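Asker: Coordinates only, no sequence provided:
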């Protein structure tokens, strides 16, 4: 049985984010790690708190968008989902674009983001995570048994193995954007996500719906680069840079 990550506690000085996860273990564990490692703002200068939104047996991509909009209300909303074998990725991106949910899409899976903490990676995976997991198991002893007997947790020694490697992971993820087969994709074109704008009374400024193509292009990919063609890729780095996590000393 998967244990729930520690429940974060809010304070008024923190930036508050709700992040829905397709998975029930790896992603919530990783978000708990971000809270613990960086949430107090000592390493970034920007205190934050992430509320992970997840359920047993996981969500489908479009369900992450709906779930986080329901939970976040007027706070920031993000959705983490993978390519895997899902068929409704474009619909999930379209719903996110219409409602203002930030997207962290990983192709083939979130496991790629973990691997990028240790090494660069490339080559089409066609939705299969087998190659990614094989390299991750060899990348660090803490991950030697990752996803064996269903253990995909990111706690204890695994979380510790990620420390000091945030900048490397971001750089490797950005390199995948700039190396996209499309040819016009550049990480330097990415738009950093800013804290949610609010009126003087504290209410959030309404989101102006965007086209799915332009919403997805904020990751640095060209507007006409289809999301499903971004293989391999992961947008999780955008969450970190938005929070001021650009290094991990």
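Answerer: Yep, that arrived. Quick caveat, the model's predicted, so the values are computed rather than measured.
Asker: Tell me the buried residues in the helix or strand residue 132 falls within?
Answerer: Assigned by DSSP states H and E, residue 132 belongs to helix 130-139. Within helix 130-139, the residues scored as buried using 16 or more other Cβ atoms under 10 Å are 131, 132, 133, 135, 136, 137, 139. Every residue, glycine included, has its C-beta placed from N, CA and C.
Asker: mind listing the strands for this protein?
Answerer: Assigned by DSSP state E, the chain shows strands spanning 15-21, 48-53, 76-82, 102-107, 233-234.
Asker: Nearest to residue 202, out of those strands?
Answerer: The closest of the strands of the chain to residue 202 is strand 15-21. By Cβ to Cβ, the value is 12.3 Å.
Asker: just to revisit the earlier point, in terms of secondary structure, what does the helix holding residue 132 contact?
Answerer: With contacts taken as 3 or more Cβ pairs under 8 Å, 6 or more residues apart in numbering; DSSP states H and E, helix 130-139 sits against helix 111-115.
Asker: can you give me the mean pLDDT across the helix it packs on?
Answerer: When pLDDT is averaged along helix 111-115, the result is 98.
Asker: what's that helix in contact with?
Answerer: Residues from elsewhere that reach helix 111-115, judged by Cβ atoms under 8 Å, 6 or more residues apart in numbering: 26, 30, 106, 121, 129, 132-133, 135-136, 139, 143, 146-147, 152, 154, 162, 169, 173, 232-234, 236-237.
Asker: Also stretch 164-181?
Answerer: Against stretch 164-181 from outside (Cβ under 8 Å, 6+ apart): 113, 116-122, 162, 185-188, 190, 219-221, 225, 229-230, 232-237, 240-241, 245-249.
Asker: now these: which count as buried?
Answerer: 113, 116-118, 121, 162, 185, 187, 190, 219-221, 225, 230, 232-237, 240-241, 245, 248.
Asker: Show me these that map onto helices.
Answerer: Using DSSP state H, 113, 162, 236, 237, 240, 241 are the members of the buried ones among the contacts of stretch 164-181 that sit in helices.
Asker: quick one: which of the residues you listed is nearest to residue 43?
Answerer: residue 240 (11.4 Å).
Asker: Tell me if I'm right that residue 144 and residue 134 touch.
Answerer: No: under the criterion of Cβ atoms under 8 Å, residue 144 makes no contact with residue 134, lying 11.3 Å away.
Asker: Count the residues that sit near residue 124.
Answerer: Residue 124 has 13 neighbours, counted by other Cβ atoms under 10 Å.
Asker: residue contacts, it?
Answerer: So residue 124 contacts 231, 232 (Cβ under 8 Å, 6+ apart).
Asker: which residues touch the nearest residue to residue 188 once chain neighbours are set aside?
Answerer: Spatially, and ignoring its direct neighbours in sequence, residue 188 is nearest to residue 220 (7.0 Å; Cβ to Cβ, 6 or more residues apart in numbering). For residue 220, the contact set (Cβ under 8 Å, 6+ apart) comprises 174, 177, 178, 185, 186, 187, 188, 189, 190.
Asker: Those residues into a markdown table, with extra columns for distance to residue 46 and pLDDT?
Answerer: Below are the contacts of residue 220 laid out as a markdown table (distance: Cβ to Cβ, whole Å; pLDDT from 0 to 100):
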| residue | distance to residue 46 | pLDDT |
| --- | --- | --- |
| 174 | 20 | 98 |
| 177 | 23 | 98 |
| 178 | 26 | 97 |
| 185 | 28 | 98 |
| 186 | 26 | 98 |
| 187 | 21 | 97 |
| 188 | 22 | 96 |
| 189 | 23 | 96 |
| 190 | 18 | 97 |
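Asker: got CSV for those, with distance to residue 13 too?
Answerer: Below are the contacts of residue 220 laid out as CSV (distance: Cβ to Cβ, whole Å):
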residue, distance to residue 13
174, 30
177, 33
178, 36
185, 37
186, 35
187, 31
188, 32
189, 32
190, 27
